[in-house]
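> Sequence below, structure please.
(one chain, ligands or ions: 1)
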Amino acid sequence: MCGIVGYVGREKVKDLLVDGLSRLEYRGYDSAGFALYPKDDTANFVVRRCVGVVAELRKATQDVGQTETQGIAHTRWATHGVPNEVNAHPHLTGLTVLVHNGIIENHAHLRSAFQEQGVAFHSQTDTEVFARLIESNREWHVQKEKEASGKDFLDLPTERKRDIVLEALRQSMRQVDGHYAILFMVKGLPGYLFGVQSGAPMVVGRTPHGSLIASDLHALIRHTREVSFVPHGAIVEASAEGYRYIDPASGKASTPKFETINWSAQEVEKEGYEHFMLKEIHQQPLVVADTLSGRLPQEAGDPFIWDHPKAHEVLWKNCKKVYLVACGTAYYAAMVGKYFLERWARIPVEVDLASEFRYRSPILEPGTVLGVISQSGETADTLAALRLANEMGVTTFSVCNVPGSTIMRESSFQYPTKAGPEIGVASTKAFTAQLVVLAALAQDIARLRGFKADPAPFARLPHDMEQILARAQSYMDLGARLADKKTILFVGRGAMYPLALEGALKLKEISYRHAEGYAAGELKHGPIALVDERLATIVLGPSDDLLPKTLSNLEEIRSRKGYIIGIGEESNKNFKALCDEYIGMPATDWALAPLLYVLPLQLISYGLAKHLECDIDKPRNLAKSVTVE
Ligand code: M6R
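Numbers count the residues shown, from 1 in each chain. Next comes the predicted model:
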């Protein structure tokens, strides 16, 4: 969704901001812009905005920003008002120029109140309303000041101006409803940026030359790994010298605590791959190894190593039921997790979409543990589900990829994935990392509850994944051959059912072709009506006890002239003989099969999308992290 970057310091700011925006492109956006604080304080803010990509903004603004060292920038994913230049951020109102991520729910009411006073708005955005509110509160304080001291805003000492702005901001925060992050500068107050994190993430970075603020780590890690996540509800004030966090209720200031993030700048580069998605697919063996690193038990019967071993043990020994809640790909990981937990640890598991869970008055009985799964750790619905569970008093845990993210911070237990930055909008390596954490967790819970656990097959995973990825080109070619199919059906049973759903989601997302995922046993209940020679079915069939049943379903498709692509064990000649095309996989444990079978699925989608010349890393209409409902 929208992305924010800001900087104040000694470096030239324009390129730094535009580079920062390009690191946030993956979040999804339709317009971009920046505002620079002029070197000469008598001049106006330099504001530039454009519809389209950051590269356009860079091209269109080559002539500006050679001297300025302070500014704010934004990528906009339209919510209120169509994507056009007028609605693009920053919004300049009076002395205030502001960028915003999130939604101001009472913006219409505020707008009409201003309009009744004769205020005109230029854009259709809720952002401009917020800027106007801060500005009008600032003007009110300035008027009071004038009555007392006779001085106008610009004549006041810096500290007084700063305090007036902070007062106006605190007042405005009490008047708006919604969840948002904002960043703004005020003319006449050079050297300061002001922001608020109220439900949309914000992180600040400490560099030797100045202070950086952004919506997420990706925009910062080229400059620093010393970061602090702005606490929910806090105001942040930045100057070249550092930061203050201010509690809006009391006005009390504190100094942020910084932590070192273990991500390298290299990780946000394509490193020779044509797309981030392709790089991320190929990173999966390493991601699995990193996620498991230091956690695997020495021998069968030994515990997995978690960050909070004692509390982990108590939690899972007493757990009666698990709820797994997530969105999109993470939801499919949760579905696979249900198979792991029920089969190994014998705990009943319910899986729910976060957007449904949060509005359904869920029943969370004592002894229930609720886990949320999220790559970004900022997905609005998932976060709301977590908060609801916390309010209802059940213990929560997260399987999350972004260190310091809101979901990670607000869950009682953390089982982190170590996938590193995932930039491609279509989730790949985060999914496999989620599966591996859920599998390890389920094995460990099984051990704690006295059931058989055998972590041995985990050690082979990276090797088997490498083997599969060595044939990446052939899977991509197969994907390209699907271009003339009207629909692609993905089917599987057991843990392959959620994988079928994930395969279909990936294909839809990046190739814009119609795809459906189905439990193989459900075909006869409807979707088989779709079958003709223009329908391709990808049959996920590892050699487990369910395969004979899956093969019967395959026969039904075959007899109706459907085109069949089988993915099964290399040695399974019978399965292969029933297919038009066949992808051979290494033999594996039932539970680890999803981690291997997902690889050709990702590459088939990638190959088709590439053949169709789609924008693979930034598919139309999608945002990487869905931070609004
Ligand atoms: O960051 P999250 O894992 O919470 O995101 C959840 C979904 O938005 C995400 O998985 C989405 O479905 C992906 N684009 C799928 O590839």
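
> and Tyr26, that's in a helix?
Yes - remark: Tyr26 belongs to a helix, assigned using DSSP: H, G, I helix; E, B strand; the rest coil.

> Report the contact partners of the residue of the chain most remote from its centre.
Within the chain, Gly150 marks the point farthest from the mean C-alpha position, 50.1 Å out by C-alpha atoms, centre = their mean. By C-beta atoms under 8 Å, 6 or more residues apart in numbering, the contact set of Gly150 is empty. (Glycine included, C-beta is placed from N, CA and C.)

> Check the gap between it and the ligand for me.
54 Å (C-beta to the nearest ligand atom, to the nearest Å).

> again with Gly251
Per C-beta to the nearest ligand atom, Gly251 is found 34 Å from the ligand.

> Is that residue in contact with Gln171, as I believe?
No - Gly251 is beyond contact range of Gln171, at 11.1 Å (criterion: C-beta atoms under 8 Å).

> between these two, who's got more neighbours?
Higher neighbour count among Gly251 and Gln171: Gln171, with 17 against 12, using other C-beta atoms under 10 Å.

> which residue packs closest to the more buried one, ignoring adjacent ones?
Nearest residue to Gln171 in three dimensions, chain neighbours excluded: Asn137, at 4.5 Å (C-beta to C-beta, 6 or more residues apart in numbering).

> tell me the phi and psi of the one you found?
Backbone torsions of Asn137, given as degrees, to the nearest 10, read phi -70, psi -40.

> residues contacting it?
By C-beta under 8 Å, 6+ apart, the contact list for Asn137 reads Glu167, Ala168, Leu169, Gln171, Ser172.

> can you check Leu189 too?
So Leu189 contacts Thr158, Lys161, Arg162, Val165 (C-beta under 8 Å, 6+ apart).

> Check whether it sits in a helix, strand or coil.
Taking three-state DSSP, the label given to Leu189 is coil.

> and the residue of the stretch 1-150 of the chain nearest the ligand?
Proximity of the stretch 1-150 of the chain to the ligand (C-beta to the nearest ligand atom) peaks at Gly28, 9.4 Å away.

> residues in contact with the closest residue to the ligand within the stretch 151-300 of the chain?
Nearest residue of the stretch 151-300 of the chain to the ligand: Met277, at 9.5 Å (C-beta to the nearest ligand atom). The neighbours of Met277, taking C-beta under 8 Å, 6+ apart as the test, are Gly424, Ala426, Thr428, Ile510, Gln602, Tyr606, Ile616, Asp617.

> could you pick out which of the residues you listed are near the ligand?
Ala426 (C-beta under 6 Å from any ligand atom).

> Go through the contacts of Met277 and say which is closest to Gly328.
Gly328 lies nearest to Ala426 out of these, by C-beta to C-beta, at 9.8 Å.

> Run the chain-centre distance for stretch 465-476.
A distance of 27 Å separates the centroid of the chain from that of stretch 465-476, by C-alpha atoms, centre = their mean, to the nearest Å.

> ditto for stretch 597-613
That offset, for stretch 597-613, works out to 21 Å (C-alpha atoms, centre = their mean).

> coming back round to it: tell me the spacing between the residue of the stretch 151-300 of the chain closest to the ligand and Ala515.
17 Å (C-beta to C-beta, to the nearest Å).

> What of Thr42?
As for Thr42, its distance to Ala515 is 59 Å (criterion: C-beta to C-beta).

> Neighbour count: the two, which is higher?
Set Thr42 next to Ala515 and count neighbours by other C-beta under 10 Å: Ala515 wins out with 24 against 6.

> mind listing what that one touches?
Ala515 sits next to Thr487, Ile488, Leu489, Phe490, Gly503, Ala504, Leu505, Leu507, Lys508 when contact means C-beta under 8 Å, 6+ apart.

> what are the ranges of the strands in the stretch 401-550 of the chain?
Using DSSP state E, counting those that start in this stretch, the strands of the stretch 401-550 of the chain run over residues 413-414, 487-492, 515-519, 535-541.

> Please tabulate these in JSON lines, including the columns distance to Pro366 and mean pLDDT.
Formatted as JSON lines, these follow (distance: least, C-beta to C-beta, whole Å; pLDDT from 0 to 100):
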{"stretch": "strand 413-414", "distance to Pro366": "17", "mean pLDDT": "96"}
{"stretch": "strand 487-492", "distance to Pro366": "36", "mean pLDDT": "96"}
{"stretch": "strand 515-519", "distance to Pro366": "33", "mean pLDDT": "96"}
{"stretch": "strand 535-541", "distance to Pro366": "38", "mean pLDDT": "96"}
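
> Tell me which of those sits nearest to Leu324.
Leu324 lies closest, by C-beta to C-beta, to one member of those: strand 413-414, at 13.5 Å.

> Quick one: residues in contact with the closest one.
Asp307, His308, Ala311, His312, Leu315, Thr395, Thr396, Phe397, Ser398, Cys400, Met408.

> And for the third one, the neighbour number?
Right, the one you point to is Ala311. Neighbouring residues of Ala311 were enumerated by other C-beta under 10 Å; the total is 13.

> State the number of residues packed around the closest residue to the ligand within the stretch 201-350 of the chain.
Of all residues in the stretch 201-350 of the chain, Gly328 sits closest to the ligand, at 1.9 Å by C-beta to the nearest ligand atom. Residues lying near Gly328 (other C-beta under 10 Å) number 22.

> How confident was the prediction at it?
Per-residue confidence (pLDDT) for Gly328: 97.

> give the contact list for it.
Listed by C-beta under 8 Å, 6+ apart, the contact partners of Gly328 are Ser427, Leu505.

> roughly how far apart are it and Ala519?
Distance, Gly328 to Ala519, by C-beta to C-beta: 19 Å.

> near the ligand, which residues of the stretch 301-450 of the chain show up?
Residues of the stretch 301-450 of the chain lying close to the ligand (C-beta under 6 Å from any ligand atom) are Cys327, Gly328, Thr329, Ala330, Ser374, Gln375, Ser376, Thr379, Thr382, Val425, Ala426, Ser427.

> show me the contacts for the nearest residue to the last one once chain neighbours are set aside.
With C-beta to C-beta, 6+ apart as the measure, Thr329 is the residue that lies nearest to Ser427, at 4.2 Å, once sequence neighbours are left out. Residues touching Thr329, when contacts are defined by C-beta under 8 Å, 6+ apart, comprise Gln375, Ser427, Ala430, Phe431, Glu502, Leu505, Lys506.

> cool, Val268 as well?
Arg23, His218, Ile221, Arg222, Pro421, Ile423 are the contacts of Val268 under C-beta under 8 Å, 6+ apart.

> correct me, but the fifth one touches Glu267?
Yes - taking contacts as C-beta under 8 Å, Pro421 lies within contact range of Glu267: 5.0 Å.

> So which of the two has more stuff around it?
Higher neighbour count among Pro421 and Glu267: Pro421, with 22 against 16, using other C-beta under 10 Å.

> For the stretch 151-300 of the chain, which segments count as helices?
For the stretch 151-300 of the chain, the helices defined by DSSP state H, counting those that start in this stretch cover 158-175, 276-282, 284-292.

> Name the nearest residue to the residue in the stretch 501-629 of the chain that the ligand sits nearest to, ignoring sequence neighbours.
The stretch 501-629 of the chain approaches the ligand most closely through Val626 (4.9 Å), counting by C-beta to the nearest ligand atom. Spatially, and ignoring its direct neighbours in sequence, Val626 is nearest to Thr379 (5.4 Å; C-beta to C-beta, 6+ apart).
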